[in-house]
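>>> next come a sequence and a model predicted from it.
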Amino acid sequence: MTSVAAEREAVLRGLGDDDRFDVRVAGVGQVAAAVSTAKALMRAEYRLVINAGIAGGFPERAEVGSLVVADEIVAADLGAESQEGFLSLDELGFGSARISVDQGVVTALTAALRAAGLSAQAGPVLTLSTVTGSAETAALLADRVPGAAAEAMEGYGVALAAQDRGIPALEIRTISNPVGPRDRSAWRIKEALAALEAASAIFAEVLG
Ligand SMILES: O=C(O)c1cccc(C(=O)CC[C@H]2O[C@@H](n3cnc4c(=O)[nH]cnc43)[C@H](O)[C@@H]2O)c1
């Protein structure tokens with residue numbers, strides 16, 4: 001599941017003519033992503049759901065042009081504010097804002113990406129409804145989720161739909177911009193899409 005057509009096309013270029021993968025556009029944001037994923041999973045049988053696309057990288061954790069394989073998918077703004085700070089869905093007792101992924105697959109995929117010469121690391125990928133636009137919010141999120149490597153807008157929605165059907169999920173992101181003060185002119189989308197294409201060529205090897 002990708003967010004936009006440009007991401008889908010990059011993944012398809014990387015996969016070549018491998019027809020074991022069904023690559024779809026889910027839309028931007030976790031609600032669109034969850035609805036699209038749930039619909040796809042109702043119509044056909046799948047054994048793994050992957051959310052792949054570009055993302056913001058947390059400074060010192062994931063540089064522009066590098067790749068992050070989510071070792072946990074975290075809905076980082078799903079909860080409540082309180083005088084004492086942010087309360088997650090878990091703390092509120094309404095389920096979990098964290099979806100776990102198969103650590104063996106994360107390790108194997110990260111190693112294969114590195115072996116192919118790509119800069120890849122594993123770490124938590126945050127799902128947010130609002131793209132971070134300030135250093136303050138970036139610091140707050142890094143504090144809320146220790147080790148946070150990247151942020152995007154769809155992973156939790158895709159993974160929740162997969163979890164609902166008992167299917168494992170992965171999230172793989174290539175970094176187009178740093179998480180922090182908004183500067184759209186600094187987004188390196190072409191580079192991130194090239195990295196996404198290169199990573200997708202490895203999917204078949206490890207996940208096919
Ligand atoms: O303008 C283009 O050519 C273009 C090509 C591919 C993708 C885009 C997008 O804007 C995709 C939006 C998508 O990107 C994720 N994203 C990227 N950086 C961040 C971020 O810093 N914080 C949160 N999300 C980010 C997100 O998942 C969006 O769905 C444009």
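Received the coordinates, thanks.
>>> pull the distance from the helix or strand where residue 99 lies to the chain's centre.
Assigned by DSSP states H and E, residue 99 falls within strand 98-100. Counting by CA atoms, centre = their mean, to the nearest Å, strand 98-100 is centred 12 Å from the centre of its parent chain.
>>> just the CA trace of whatever helix or strand comes next after that strand, in PDB.
Once the chain leaves strand 98-100, the next helix or strand it forms, by DSSP H and E, is helix 103-115. Extracted as PDB, the C-alpha positions of helix 103-115 are listed here (Å, rounded to 0.1, in the frame of the first residue of the first chain):
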ATOM      1  CA  GLN A 103      11.500  -8.700  14.200                       C
ATOM      2  CA  GLY A 104      13.000 -11.600  12.200                       C
ATOM      3  CA  VAL A 105      11.700 -10.100   9.000                       C
ATOM      4  CA  VAL A 106      12.800  -6.600  10.000                       C
ATOM      5  CA  THR A 107      16.300  -7.800  10.700                       C
ATOM      6  CA  ALA A 108      16.500  -9.900   7.500                       C
ATOM      7  CA  LEU A 109      15.100  -7.000   5.300                       C
ATOM      8  CA  THR A 110      17.400  -4.400   6.900                       C
ATOM      9  CA  ALA A 111      20.400  -6.600   6.300                       C
ATOM     10  CA  ALA A 112      19.500  -7.300   2.700                       C
ATOM     11  CA  LEU A 113      19.000  -3.600   2.000                       C
ATOM     12  CA  ARG A 114      22.400  -2.900   3.500                       C
ATOM     13  CA  ALA A 115      24.000  -5.700   1.600                       C
END
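>>> which residues does the next helix or strand along the chain from helix 103-115 contact?
Next helix or strand after helix 103-115 toward the C-terminus (DSSP H and E): strand 120-127. Outside strand 120-127, the residues that touch it by CB atoms under 8 Å, 6 or more residues apart in numbering are 30, 55, 61-62, 66-76, 106-107, 110, 113-114, 141, 145, 147-157, 171, 173, 199. No exception for glycine: its C-beta is placed from N, CA and C like everyone else's.
>>> ok, residues contacting stretch 20-37?
Here stretch 20-37 has contacts from 1-5, 7-8, 11-12, 15, 40, 44, 46, 49, 51, 75, 127, 129, 153-158, 160-162, 203-204, 208, using CB under 8 Å, 6+ apart.
>>> next one, pLDDT for residue 207 please.
If you check residue 207, the pLDDT there is 89.
>>> mind listing what it touches?
With CB under 8 Å, 6+ apart, residue 207 has these contacts: 48, 50, 105, 109, 170.
>>> now for the first one, how many residues are close by?
Counted with other CB atoms under 10 Å, residues neighbouring residue 48 total 15.
>>> enumerate every residue touching the closest residue to it other than its chain neighbours.
Distance criterion CB to CB, 6 or more residues apart in numbering; nearest residue to residue 48, sequence neighbours excluded, is residue 168 at 5.6 Å. Contact analysis of residue 168 by CB under 8 Å, 6+ apart lists 47-49, 101-102, 105, 162.
>>> this completes my enquiry, with thanks.
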